[in-house]
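Undergrad: Fold the stuff below for me.
(one chain, ligands or ions: 1)
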Amino acid sequence: MATLQELANLIFPDIKETVEDLEKKYPKRDLPEGAEVTRFAPSPTGFLHTGSLFTAMVTQKVAKQSGGVFFIRLEDTDTKREIQGSGKELLDQMKVFGVVNDEGYFGDHEEGKYGPYIQSKRADIYKVVIKHLLENGRAYPCFCSRDDLDALRKEQEANKVTPGYYGDYAICRKLSLEEQIENIKNGKPYVIRFKSNGNHENKVRVTDLVRGDLELSQNDQDIVIYKSDGLPTYHFAHLVDDHFMRTTVVSRGEEWLPSLPIHLELFETMGWTAPRYAHLPVIMKMDNGTRRKLSKRKDNEAACSFFLQDGYPVYAFKQYLFTIANSNFEEWQIENKDLTLDDFKFSFSKMSLDGALFDIDKLKYFSKELLGKYKGPEMKDFVKEWAKEYNEELYSLILRDEDYFAQIMNIEKDKENPRKDYEKCSDILEKVKFFYDEYYLEKMNEELPWNPSMDKEVIKDVLNDFASTLNYEIPEQDWFNNLKVLGTRHNFAENNKIYKKNKELYLGHVGDVAEMVRIALTSSKQSPNIYYVLNILKEDKIKERIAVAISKL
Ligand code: GLU
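TA: Residues are numbered from 1 along each chain as shown. From the prediction side, this is the model:
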């Protein structure tokens, strides 16, 4: 009579370790009560998705705020989907976003006592547990070919029953031990399946940290746990890894919620306590009035790198992701302007349930607020670092005279209510170009936006007067009063109100005068406050530019 032990030894002759050995090797972590062990478990399949960063950030936060451990495990058992080198790239990007793990896989090395943290290096650990299940009759080899499984699916479709490998449909479950052993000895290819004891009619109660109490149907599928390439499937690797890495909270995308009954049955079968689970919402986007998932193919915002390229500050992006993570975050941040993300107490229960909606305007808000706080030199450093990587043209302008650029970035920043002009670095070059002569001169050769109803001679007179009475090293209000006086010399009213009352008496009002100066100095009707522009350009340049403008009239 063949025995289960014989079958297990035949399949894994070299595996001598036992589950008990592994329990000793990876003991319970010595952490204070309430400290959570969390993990982020990316697959090396390409770039860092915004949704993955979101998950990683939340996962890190939960460990950090509880004084626990956050580790990273590389899930590379799906060799077909793997993109070489992308694991390291992913970790590098996460570092840029400040999501750095305490333990585990670091891109170029691993650290920690619960490793290896790369699944392909854990093959023997999985085999120990699979051997244990084989010995206990809770796993079996399955010899069904792709054709067999196709035929099975068709039969199930015809009979209108749930598809899958279960119950009576689990053909190989019915093979005798002798048949199984003989097939293996004959070199028949196989996978190993879990033998489920569940019944789809029964319910399991689970508590999801985000969704609360749920009732799901029990698992009854004999899922594949070990593939013919010698590696486990996701479900089985999750069981083994999160048990032996002593994870306390598994936070992962909600796409895994339907497989939760499988995972719970696996834990129960092993007699292990399952971790607590948090299934995080998928990030959605509004598209023509309908909600849909952020898509890798269609949406730039699906890749975190997009926000870096555009030059949003990382911190603002993280604040933004926290508004998705917790509905009370935005209010909290507004009420506690001086506190940081680290001070915020995250809670799974305040997460939105029905898919988090991506709202770029909110990101812009946080970004403007943050950049609004940066004074010139800080802003210069921030923009310079960005430009170095993403905008050569701007970078070389900054390097030409860093102090000059810092002054530009400081416009109206020393006021009580500093201006919030910029939402991202990629907007800056366009807005500040005119400070640099080559751009200014180029624009001055184009059609200029002078007020068409204004006599060119009047503009010339105003500009000449402006240049010869130039005085900008005085307080802003005094400067503006002088401009009004200048205007009245040329028959412009002091303000719009006076002008409107007696239009026939004036050529216009002080705003028109300011516009002439603005166009002359910046080539455009839109620019930062002209008083500050003057104080950056300074006398020689101002006079040069006024002369250029007059020559174009
Ligand atoms: N490797 C899985 C994924 O990328 C991880 C899911 C999990 O965190 O358990 O979706």
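
Undergrad: doesn't residue 421 fall inside a helix?
TA: No. Using DSSP: H, G, I helix; E, B strand; the rest coil, the secondary structure at residue 421 is coil, not a helix.

Undergrad: What separation is there between it and residue 33?
TA: 49 Å (C-beta to C-beta, to the nearest Å). (C-beta placed from N, C-alpha, C; glycine too.)

Undergrad: So for these two, which residue has more residues nearby?
TA: residue 421 (18 against 6; other C-beta atoms under 10 Å).

Undergrad: Give me the contacts around the helix or strand residue 484 falls within.
TA: Applying DSSP states H and E as the criterion places residue 484 in helix 476-489. Contacting residues not belonging to helix 476-489 are listed as 462, 465-466, 469, 471-472, 474, 493-495, 509-510, 512-514, 517, 529, 531, 534 [C-beta atoms under 8 Å, 6 or more residues apart in numbering].

Undergrad: What of stretch 546-553?
TA: 441, 444-445, 448, 450, 456, 459-460, 463-464, 466-467, 519-521.

Undergrad: now the helices for the stretch 251-400 of the chain?
TA: 260-270, 304-310, 314-325, 329-335, 360-373, 376-390, 392-400 (DSSP state H, counting those that start in this stretch).

Undergrad: just checking, what packs against the last one?
TA: In terms of contact count using 3 or more C-beta pairs under 8 Å, 6 or more residues apart in numbering; DSSP states H and E, helix 392-400 is assigned the packing partners helix 376-390, helix 428-432.

Undergrad: Nearest to residue 40 among these would be which one?
TA: helix 376-390 (25.0 Å; C-beta to C-beta).

Undergrad: What's the mean pLDDT across the closest one?
TA: Taken as a whole, helix 376-390 has a mean pLDDT of 97.

Undergrad: Name the residues that touch it?
TA: So helix 376-390 is contacted by 308-309, 311, 313, 371, 374, 394-395, 398-399, 402, 405-410, 413, 422, 425-426, 428 (C-beta under 8 Å, 6+ apart).

Undergrad: again, but for stretch 107-119
TA: 26, 71-77, 87-92, 103-105, 121-122, 231-232, 237, 241, 244-246.

Undergrad: The residues you listed, buried ones only, as a ChimeraX selection?
TA: Command for ChimeraX that selects the buried part of the contacts of stretch 107-119, burial taken from 16 or more other C-beta atoms under 10 Å:
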select :26,71,72,73,74,75,76,77,87,89,90,91,103,104,105,122,231,232,237,241,244,245,246
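
Undergrad: just the contacts of stretch 107-119 that are near the ligand?
TA: Contacts with the ligand within those, as defined by C-beta under 6 Å from any ligand atom: residue 75.

Undergrad: Which of the contacts of stretch 107-119 fall in strands?
TA: 71-72, 103-105 (DSSP state E).

Undergrad: thinking again about what came up before, Serialize the helices of the stretch 251-400 of the chain to CSV and add fields for mean neighbour count and distance to the ligand.
TA: Below are these laid out as CSV (neighbours: other C-beta atoms under 10 Å; distance: least, C-beta to the nearest ligand atom, whole Å):
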stretch, mean neighbour count, distance to the ligand
helix 260-270, 20, 9
helix 304-310, 19, 15
helix 314-325, 22, 16
helix 329-335, 14, 23
helix 360-373, 18, 24
helix 376-390, 18, 28
helix 392-400, 15, 35
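
Undergrad: Find the nearest non-adjacent residue to whichever residue of the stretch 351-500 of the chain sits closest to the ligand, please.
TA: Nearest residue of the stretch 351-500 of the chain to the ligand: residue 351, at 16.0 Å (C-beta to the nearest ligand atom). Once flanking residues are discounted, residue 351 sits nearest to residue 210: 4.9 Å by C-beta to C-beta, 6 or more residues apart in numbering.

Undergrad: same thing with residue 60?
TA: Excluding its sequence neighbours, the residue lying closest to residue 60 (C-beta to C-beta, 6+ apart) is residue 70, at 4.7 Å.

Undergrad: pretty sure that neighbour contacts residue 39?
TA: Yes. When contacts are counted by C-beta atoms under 8 Å, residue 70 is listed as touching residue 39 (7.1 Å).

Undergrad: Need the overlap of contacts for these two.
TA: residue 59.

Undergrad: neighbour count winner among these two?
TA: residue 39 (28 against 22).

Undergrad: what's that one in contact with, if anything?
TA: 59, 70-73, 104, 242, 245, 247, 250.

Undergrad: Would you mind writing the CA trace of the host helix or strand of it as PDB?
TA: Taking DSSP H and E as the criterion, residue 39 maps to strand 37-40. The C-alpha coordinates for strand 37-40 follow below in PDB (Å, rounded to 0.1, in the frame of the first residue of the first chain):
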ATOM      1  CA  VAL A  37       4.200  44.400  11.000                       C
ATOM      2  CA  THR A  38       3.200  45.500   7.500                       C
ATOM      3  CA  ARG A  39       4.600  44.800   4.000                       C
ATOM      4  CA  PHE A  40       4.500  46.000   0.500                       C
END
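
Undergrad: got the angle for the helix or strand just after it vs helix 314-325?
TA: In the C-terminal direction, the helix or strand that comes right after strand 37-40 (DSSP H and E) is helix 50-65. On the basis of axes from the mean of the first three to the mean of the last three C-alpha atoms, to 10 degrees, helix 50-65 is oriented at 90 degrees to helix 314-325.

Undergrad: CA atoms only: put helix 50-65 into PDB for me.
TA: Extracted as PDB, the C-alpha positions of helix 50-65 are listed here (Å, rounded to 0.1, in the frame of the first residue of the first chain):
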ATOM      1  CA  THR A  50       0.300  55.600  -8.500                       C
ATOM      2  CA  GLY A  51      -2.000  53.000  -6.900                       C
ATOM      3  CA  SER A  52       1.000  51.000  -5.800                       C
ATOM      4  CA  LEU A  53       2.600  54.000  -4.200                       C
ATOM      5  CA  PHE A  54      -0.600  54.700  -2.500                       C
ATOM      6  CA  THR A  55      -0.700  51.200  -1.100                       C
ATOM      7  CA  ALA A  56       3.000  51.400  -0.100                       C
ATOM      8  CA  MET A  57       2.500  54.700   1.600                       C
ATOM      9  CA  VAL A  58      -0.500  53.600   3.700                       C
ATOM     10  CA  THR A  59       1.300  50.400   4.500                       C
ATOM     11  CA  GLN A  60       4.400  52.200   5.700                       C
ATOM     12  CA  LYS A  61       2.300  54.600   7.700                       C
ATOM     13  CA  VAL A  62       0.500  51.900   9.600                       C
ATOM     14  CA  ALA A  63       3.800  50.300  10.700                       C
ATOM     15  CA  LYS A  64       5.400  53.700  11.500                       C
ATOM     16  CA  GLN A  65       2.600  55.100  13.600                       C
END
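
Undergrad: That's all I had, so thanks and see you.
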